[in-house]
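Colleague: quick one: sequence plus predicted model below, questions after.
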Amino acid sequence: MASIYIASGIYHFINPAFYEKIMPKYLPWHPFFIYLTGILGILFALLALPKRTRKAGAWCLILFLLGVFPANFQMMINFMFNHNPYLWLAVLRLPLQLVLIWWAWLYTETEEEEEETVVHNQRVEHGMMNYK
């Protein structure tokens, strides 16, 4: 998962003009936000790698994905008005954001919390829950 965000973050510096086109017009300082999101994408991905910081990194990536969603929506609008043949990709990208958020969410549990969830689910399956 981290490699996607690292590659995307690097691409913000290689081809900032690509991101300039999809920046919502109401946002000021486009170059600043392009480079900032590149840096944050890389940092949050690196934060998600070690087990010790994975949970925090995953939550940062979720917030990051929510934060860049307006740019993806703007990309779809631009493609629609310009009759871009790749409009279907821009449309597909919006629900893909939800998949990426879900994927990051999978890493928000610590190993201990994950084990507790498994034990709880096993108890529920076998009718061993104590309901009061």
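Modeller: Arrived safely.

Colleague: what segments of the chain are helices?
Modeller: With DSSP state H, the ranges of helices along the chain come out as 2-14, 16-22, 30-47, 51-81, 87-105, 111-125.

Colleague: which of those helices has the lowest mean pLDDT?
Modeller: Of all the helices of the chain, mean pLDDT reaches its minimum on helix 111-125 (a mean of 59).

Colleague: columns mean neighbour count on top of the helices of the chain, output as a markdown table?
Modeller: No exception for glycine: its C-beta is placed from N, CA and C like everyone else's. Formatted as a markdown table, the helices of the chain follow (neighbours: other C-beta atoms under 10 Å):
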| stretch | mean neighbour count |
| --- | --- |
| helix 2-14 | 15 |
| helix 16-22 | 14 |
| helix 30-47 | 18 |
| helix 51-81 | 16 |
| helix 87-105 | 14 |
| helix 111-125 | 10 |
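
Colleague: residue 74: what's it in contact with?
Modeller: Going by C-beta atoms under 8 Å, 6 or more residues apart in numbering, residue 74 touches 22, 23, 24, 25.

Colleague: apply 7 Å and report the result again.
Modeller: 22, 23, 24 (C-beta atoms under 7 Å, 6 or more residues apart in numbering).

Colleague: which residue, other than its chain neighbours, is closest to residue 91?
Modeller: Spatial nearest neighbour of residue 91, excluding adjacent residues (C-beta to C-beta, 6 or more residues apart in numbering): residue 76 at 5.8 Å.

Colleague: cool, and residue 107?
Modeller: residue 58 (3.8 Å).

Colleague: measure the one you found to residue 19 for me?
Modeller: Using C-beta to C-beta, to the nearest Å, residue 58 is found at 23 Å from residue 19.

Colleague: make TSV out of the contacts of residue 74 and add distance to residue 100.
Modeller: Rendered in TSV, the data for the contacts of residue 74 read as follows (distance: C-beta to C-beta, whole Å):
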residue	distance to residue 100
22	16
23	20
24	20
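
Colleague: tell me which of these is nearest to residue 102?
Modeller: Proximity of those to residue 102, judged by C-beta to C-beta, is greatest for residue 22, which lies at 22.7 Å.

Colleague: perfect, I'm done here.
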